[in-house]
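**Student:** Got a predicted structure here, sequence first:
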There are 2 protein chains.
Amino acid sequence: MLECYNCTLELNGLLASQNVDAIVVSTLVNVRYYTGFTGSNGLLLVTRKGPLLLTDPRYTTQAAQEANCPAVIVKGPTLKEVAKRLKALKAKRIGVEDQRISFALHRGLAKLGELVGLGDAVEKPRWVKTPDETVKIRASVALNSQALERAMKHFKVGMFETDLAAEIDYQMRKLGAEGTAFDTIVASGAHSALPHAKPRRVKIAAGGYLLIDMGACLNGYMSDMTRTFGVGEMPRKALRIYKAVLEAHLAAIDAVRPGKLATKVHQAAVDVLKKHGLAEYFVHSTGHGLGLEIHEPPRLGGKAKTKLEEGMLVTIEPGVYVEGFGGVRIEDTVRVTGTGVEALTTTPKGWTIAG
Amino acid sequence: MLECYNCTLELNGLLASQNVDAIVVSTLVNVRYYTGFTGSNGLLLVTRKGPLLLTDPRYTTQAAQEANCPAVIVKGPTLKEVAKRLKALKAKRIGVEDQRISFALHRGLAKLGELVGLGDAVEKPRWVKTPDETVKIRASVALNSQALERAMKHFKVGMFETDLAAEIDYQMRKLGAEGTAFDTIVASGAHSALPHAKPRRVKIAAGGYLLIDMGACLNGYMSDMTRTFGVGEMPRKALRIYKAVLEAHLAAIDAVRPGKLATKVHQAAVDVLKKHGLAEYFVHSTGHGLGLEIHEPPRLGGKAKTKLEEGMLVTIEPGVYVEGFGGVRIEDTVRVTGTGVEALTTTPKGWTIAG
């Protein structure tokens, strides 16, 4: 069972501060965060009577085992049950997760009362990780590094990208992960210039990059790491780009500290790449938070207005992508500490020739 | 590249039939279906000027390779670009996927014109599979069966559930799957009574069921199969339940034919289980369509009003779950033919003792 916030305290506070009679949490990952319930159908209804988890008969046993609040098993549409309970309480103002609620549920709830968009109030507690969450993410990061190390022992020049990806995922699972945090990227040669490349049934050949972006899901918590290797003899240009990206990566990590605007971390990476004439090839943001989801606030991008806080965990992953040649990305997970930054990822990141 | 409907024809027809000036398709799987684009950020805008794919700079190369319509690379918010184009066309009525659009996008679009909910009009073409899609799902189903066969060669009594799940997923990938269609379920002993159980670091012991629910994703198309084995010496009750579920499974397959209400297929399974006094332990519906998504219409449940049509592909998966004892589910994928039904899954389903 997930140790997590006590919904009574946390969400009862929201009832008062947002001046609503009820809060409907329908985003599954938020339901999990507050209740510990991990099923695929769950809705959390918070009223002055306390929190209540609504799910369906498939989860009778699981809800009883996992949820830290009372659970109701609903046969048929959940919305009907919500309506019944809101009417009994004469609830008028209903708080909803306006950024993530489905339009269909929103339309249904709008018939029951006045909807109040809660903005990021429901999710904000998730941005700063609790000590328990940090322990879990550390374990996920460590497992991820170990899986890469084990998988690379099976690497051979001429291996299919898909087979290396399968090996990576297998090692994660054997080490105890529930699964991957996202589809593992193994991209070689010019294909590494696609930031979100899918592994192909194509042989990994000498003379090109090998980019691996991988993450594990362990006890519900995600990890995320990218390494880029050379394969066999590499052109000089490949090393030059790699060194520039590594310099940008290290500069961005150095820029992390509490109280700093997230965008400044991105700027630190951009500045280094600009110096090397490579900024135009850096087409995404420098990083993102992670936890129960692989992408969470804060975003470390050009327009990121969030201030970093102690206890936030973020990835640092600048990249340079040259169409027709290849791409380099180097990604670690780091923690904002009370005074600066702590790197969680331990996998080496010097220029390495694989195979 | 995905061969798929020509958006010009299909969605231009919708422009007229729904009397709208524009259609915004924001559900990624629908964007993929119509355009062939597989990136993680894409929006399809259809107007009298034709279809247009909007995505971001990460996908410049991929959009050019995959999309069957013109693509625009948008830096910054996609909504701004949509607004610009709708204004230029003086579009007033905008069709949206009201069941799946995010509330946030809906709110943004509502400022640009009158929103018209298209119900299931955008998705409905996906319910009946094209010949090309059927070929792809057949291949996914075949791969899934082969992966189970290979994985079971590694099965030993006393193995962890998680290690068997890892083996299954690894075999899928080695056979060429992009990944799993969903988190593989390996549930043994009393844990098999949880319809959506997660694999545990727990040894699979003799005397209990071993339930495996697995699916592959191959070329974007899903497969789905469940088999339940006995492990070592089993109590009589275990075989009795298995036989009842198998009888219900076969009766439901027999009930599939074009023109029939989907609920009748569910009823066929329920009737058999009722006869055996087990209907109360069957807590979910009998099956669902599958394709680019693992759960698609038609649903074969108690209230399913859809009529089956030639070319639909559905799973047939009745189950019986006895808390504290265990659960049995047997699931195949079948195709509605012109006159009846064709089974796609070839894995045997007689009572089998593993290990």
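**Tutor:** Good, I have the coordinates.
**Student:** how deep is the residue nearest to residue A:347 when sequence neighbours are not counted tucked in, by neighbour count?
**Tutor:** Closest residue to residue A:347 in three dimensions, ignoring its sequence neighbours and counting by CB to CB, 6 or more residues apart in numbering or on different chains: residue A:145, at 4.4 Å. Heads up, the C-betas are built off the backbone N, CA and C, glycines and all. If you count neighbours by other CB atoms under 10 Å in any protein chain shown, residue A:145 ends up with 20.
**Student:** Now do the same for residue A:145: its pLDDT.
**Tutor:** The score at residue A:145 is 98. That number is its pLDDT.
**Student:** what's the helix or strand for it?
**Tutor:** helix A:131-152 (DSSP states H and E).
**Student:** Give me the packing partners of that helix, helices and strands only.
**Tutor:** When contacts are defined as 3 or more CB pairs under 8 Å, 6 or more residues apart in numbering or on different chains; DSSP states H and E, helix A:131-152 sits against helix A:161-174, strand A:209-214, strand A:216-218, strand A:221-222, strand A:225-231, strand A:332-336.
**Student:** Beyond the helix or strand of chain A with the lowest mean pLDDT, next helix or strand please.
**Tutor:** Every helix and strand in chain A was compared by mean pLDDT, DSSP states H and E; the lowest is helix A:7-17, with a mean of 77. Secondary structure here is assigned by DSSP H and E; on that basis, the next helix or strand after helix A:7-17 toward the C-terminus is strand A:22-25.
**Student:** and the next helix or strand after that following strand, average pLDDT?
**Tutor:** From strand A:22-25 onward toward the C-terminus, using DSSP H and E, the following helix or strand is helix A:28-35. For helix A:28-35, the mean per-residue pLDDT is 94.
**Student:** May I have helix A:28-35 exported as CSV, CA atoms only?
**Tutor:** As requested, C-alpha coordinates have been extracted for helix A:28-35 and formatted as CSV (Å, rounded to 0.1, in the frame of the first residue of the first chain):
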residue,chain,number,x,y,z
LEU,A,28,-6.6,8.4,-11.5
VAL,A,29,-3.1,9.3,-10.4
ASN,A,30,-4.5,11.9,-8.0
VAL,A,31,-6.9,9.3,-6.6
ARG,A,32,-3.9,7.1,-6.0
TYR,A,33,-1.9,9.8,-4.4
TYR,A,34,-4.6,10.7,-1.9
THR,A,35,-6.1,7.3,-1.2
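**Student:** need the next SSE after that helix, C-terminal direction.
**Tutor:** Following the chain from helix A:28-35 toward its C-terminal end, the next helix or strand by DSSP H and E is strand A:43-47.
**Student:** Output the contacting helices and strands for that next one.
**Tutor:** Judged by 3+ CB pairs under 8 Å, 6+ apart, strand A:43-47 is in contact with helix A:7-17, strand A:22-25, helix A:28-35, strand A:50-55, helix A:78-88.
**Student:** Return the most buried member of the ones you listed.
**Tutor:** Neighbour counts averaged per stretch over the helices and strands packed on strand A:43-47 are highest for strand A:22-25, at a mean of 27; criterion: mean count of other CB atoms under 10 Å in any protein chain shown.
**Student:** What residues does the stretch 1-150 of chain A have near chain B?
**Tutor:** By the criterion of CB under 8 Å from any CB of the partner chain, the positions of the stretch 1-150 of chain A lying close to chain B are A:38-40, A:57-62, A:98-104, A:106-107.
**Student:** Just the buried ones from those residues?
**Tutor:** A:38-39, A:58-62, A:98-104, A:106-107 (16 or more other CB atoms under 10 Å in any protein chain shown).
**Student:** hang on, the earlier thing: so which of the helices and strands packed on helix A:131-152 gets nearest chain B?
**Tutor:** Taking CB to the nearest CB, helix A:161-174 is the member of the helices and strands packed on helix A:131-152 nearest to chain B, at 3.2 Å.
**Student:** Show me the contact partners of the closest one.
**Tutor:** Counting by CB atoms under 8 Å, 6 or more residues apart in numbering or on different chains, helix A:161-174 makes contact with A:143-144, A:146-148, A:150-151, A:154-155, A:179-180, A:184-188, A:191, A:199-202, A:204, A:212, A:214, A:216, B:162-163, B:165-166, B:169-170, B:173-174, B:176, B:179, all of which sit outside it.
**Student:** tell me the domain boundaries of chain A?
**Tutor:** According to automatic domain parsing, chain A is divided into the following domains: A:4-125, A:131-354.
**Student:** Single out the most deeply packed of these.
**Tutor:** Stretch with highest mean neighbour count among these: domain A:131-354 (a mean of 20; mean count of other CB under 10 Å).
**Student:** to the chain's geometric centre, what's the distance from that domain?
**Tutor:** Domain A:131-354 has its C-alpha centroid displaced from the chain centroid by 13 Å (CA atoms, centre = their mean, to the nearest Å).
**Student:** sorry, back to before: lowest-confidence stretch among the domains of chain A?
**Tutor:** Per-segment confidence across the domains of chain A bottoms out at domain A:4-125, which has a mean of 90 in mean pLDDT.
**Student:** Distance check, the most centrally placed residue in chain A against residue A:179.
**Tutor:** Among the residues of chain A, the smallest C-alpha distance to the mean C-alpha position (CA atoms, centre = their mean) belongs to residue A:294, namely 1.5 Å. Counting by CB to CB, to the nearest Å, the gap from residue A:294 to residue A:179 is 12 Å.
**Student:** So which residues on the stretch 251-355 of chain A come close to chain B?
**Tutor:** Proximity of the stretch 251-355 of chain A to chain B (CB under 8 Å from any CB) is limited to residues A:283, A:284, A:323.
**Student:** Next, residue A:111: phi, psi?
**Tutor:** Geometry field for residue A:111 lists phi and psi as phi -80, psi -10, criterion degrees, to the nearest 10.
**Student:** Sticking with the closest residue to residue A:301 other than its chain neighbours, tell me its helix or strand.
**Tutor:** Using CB to CB, 6+ apart and skipping the chain neighbours, the partner closest in space to residue A:301 is residue A:285 (3.2 Å). Using DSSP H and E, residue A:285 maps to neither a helix nor a strand.
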